[in-house]
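Trainee: Provided below are the primary sequence and the corresponding predicted coordinates.
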Amino acid sequence: MLKRPIIIDTDPGIDDALAIAIALFAEELDVKLITTVAGNVSLKNVTNNALKLLNFLKKDIPVAVGAQQPLIEPLVDASNVHGASGMEGFEFPEPKVELLLKENAVNAMYKVIMGSNEPVTLVPIAPLTNIAMLLSLYPEVKQNIREIVLMGGSASRGNKGVMSEFNIATDPEAAKIVFDSGISIVMAGLDVGWKALVYPEDSAKMKEMGRTGEMAYCLFKKYRGGSFNTGLKMYDSCAIAYLLRPELFTTEDAYVDIELSVGLTRGCTVVDLKNYLGKCPNTKVCMDIDGEKFREWFLEYIAKCI
């Protein structure tokens, strides 16, 4: 099987941890690099979390440190959802610091992309600061990027502001650069994340699925992205699910722009489903997901992990 080369740009994060684990053990994917960016919690914490997770999963994937704050505004994190450290609730081993590259995330991504014999897919499941800097500093990488499959945005309402989703709203200027880049983009946002639920009976099954399942169960007890009793939202796993099971999703091709003005809608992904703006589509927008089949897929792939 020809594995699909990907780079995961992340800010772990409880739901990030599960998405990363699934990607690392999916036989269809080849994770070439993990890059970290401040988002859910500080850059120091998300980088430590990535290194701890890789040690726990016994995977030697290089990690490169990225941006510690958005392009313009100060970071406002989501520690209220993920806890102060970002991955509270489970006793991880120490960070495997030898996986940490000396070069920064942007330069590391450049080397992986330009050195790949096959176009690389970028999978940002975090604010888009690193990706925006990559495309701005090294526009030549576009020729060897297959597509960007991201978790972020919304065609409806928000979860950070009234109309804005967290990853996009944390760095709207970066998101604008990415969506204007001309690269093929798949947006798996809140419209599907709100329906990609893990229920108590699923958590109970995962607890018996080995080390990763036990980790998931413990993290879920602390995760405030939904309710442990009524369903936890697996936002970031939607991006991985799209790579592996695109048939789970209903999509629409649309032009997507980012609202940058200061006010009620800053950070909103303006999804022009009716072509009011008369512009060519730049994004495949995930509008719906088969929630029951997602649950089956999620459990199937957690079971593949150690």
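Mentor: Now that the structure is in, tell me what you want to look at.
Trainee: what pLDDT does the model give Glu259?
Mentor: Per-residue confidence (pLDDT) for Glu259: 98.
Trainee: quickly note the distance from it to Thr269.
Mentor: Using C-beta to C-beta, to the nearest Å, we find Glu259 at a distance of 8 Å from Thr269. Placement of C-beta: from N, CA and C, glycine included.
Trainee: which residues do those two both contact?
Mentor: Each of Ser164 lies in contact with both Glu259 and Thr269 under the rule C-beta atoms under 8 Å, 6 or more residues apart in numbering.
Trainee: show me where the stretch 51-200 of the chain has its helices.
Mentor: According to DSSP state H, counting those that start in this stretch, the stretch 51-200 of the chain carries its helices in the segments 79-82, 105-114, 129-137, 166-170, 172-179, 190-193, 200-207.
Trainee: same question for the fourth one, mean pLDDT?
Mentor: Computed over helix 166-170, the mean pLDDT rounds to 97.
Trainee: if I look at Leu299, how far off is Ile22?
Mentor: Going from Leu299 to Ile22 by C-beta to C-beta gives 11 Å.
Trainee: need the contact list for Asp202.
Mentor: Asp202 is in contact with 295, 298-299, counting by C-beta under 8 Å, 6+ apart.
Trainee: one more pass at 6 Å, please.
Mentor: Taking C-beta atoms under 6 Å, 6 or more residues apart in numbering, we find Asp202 in contact with Arg295.
Trainee: could you pull out the strands for this structure?
Mentor: Using DSSP state E, the strands of the chain run over residues 4-10, 29-36, 63-65, 120-124, 145-151, 185-188, 197-198, 226-227, 231-233, 249-258, 269-272, 283-289.
Trainee: restrict the second one to CA atoms and write it as PDB.
Mentor: It stands for strand 29-36. Output of strand 29-36 as PDB, limited to C-alpha atoms (Å, rounded to 0.1, in the frame of the first residue of the first chain):
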ATOM      1  CA  LEU A  29      -0.900   7.400   6.400                       C
ATOM      2  CA  ASP A  30       2.800   8.300   6.700                       C
ATOM      3  CA  VAL A  31       3.200  11.000   9.300                       C
ATOM      4  CA  LYS A  32       6.500  12.700   8.200                       C
ATOM      5  CA  LEU A  33       6.500  15.500  10.800                       C
ATOM      6  CA  ILE A  34       4.600  17.000  13.700                       C
ATOM      7  CA  THR A  35       4.800  20.700  14.200                       C
ATOM      8  CA  THR A  36       3.500  22.600  17.300                       C
END
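Trainee: who's in contact with it?
Mentor: Strand 29-36 is contacted by residues 3-9, 23-24, 46-47, 50, 61-66, 105, 108, 112, 130 when judged by C-beta under 6 Å, 6+ apart.
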